[in-house]
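Participant: here's my sequence, what's the structure:
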Amino acid sequence: MSGNIRKVKTSDLELKDRLVSIQRVTKVTKGGRTFSFSAIVVVGNEAGVVGYGLGKANEVTTAISKGVEDAKKNLIKVPILKGTIPHEQVAKFGGASVFLKPATSGTGVKAGGAMRAVLESVGIHDVLAKSKGSSNPHNLVKATFQALIELRDARAVAMQRGVKLDKVFNG
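Facilitator: Numbers count the residues shown, from 1 in each chain. From the prediction side, this is the model:
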């Protein structure tokens, strides 16, 4: 897994951020309740680069901006083939399990909440996605990222096998 991650530098990238989830967290103390906020944010350039981050603060806007800064530190490169993914992929994180399947042009992003934010930020326009198990946005985002990290295009497969690109398809 760790050898498959493609890190990306943040300089000269036009990143757009999407708020996936915001939670109000309560801490009960002797003096009463203290409220703070936790935000999970996805950033991407809609051309194959995406990252997610978690921000926590006493105010919503500060939590979101911390999440964006954290997301910029965790960017990955995803192979996109004609607006969709190269192959089917299943991934699991915690209780969340996701299934991604390539779709024909014009299908759109058929995915729910947290998965939709990640897939649109990557720049995937046509994909069929299903989440099974937990609907916890944190685990769904992490499972979706796990699936995207494990995606390989034909060139990567050819390099790994040590054969020419046309040999991958003709076996």
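
Participant: and the closest residue to Gln146 other than its chain neighbours, how close does it get to Thr62?
Facilitator: Among residues not flanking Gln146 along the chain, Ala91 sits closest, at 3.9 Å (Cβ to Cβ, 6 or more residues apart in numbering). For every residue, glycine as well, the C-beta is placed using N, CA and C. Ala91 sits 31 Å away from Thr62, going by Cβ to Cβ, to the nearest Å.

Participant: please apply the same query to Glu14.
Facilitator: For Glu14, the distance to Thr62 - Cβ to Cβ - is 23 Å.

Participant: which one's more surrounded, those two?
Facilitator: Thr62 (15 against 9; other Cβ atoms under 10 Å).

Participant: got a list of what the residue lying closest to that one once chain neighbours are set aside touches?
Facilitator: Among residues not flanking Thr62 along the chain, Gly55 sits closest, at 7.5 Å (Cβ to Cβ, 6+ apart). By Cβ atoms under 8 Å, 6 or more residues apart in numbering, the residues touching Gly55 are 38-39, 41, 62-70.

Participant: now, which of the residues you listed sits nearest Ile85?
Facilitator: Of all these, Ile85 sits closest to Val41, with 22.5 Å by Cβ to Cβ.

Participant: what pLDDT does the model give Val25?
Facilitator: Note for Val25: predicted pLDDT of 93.
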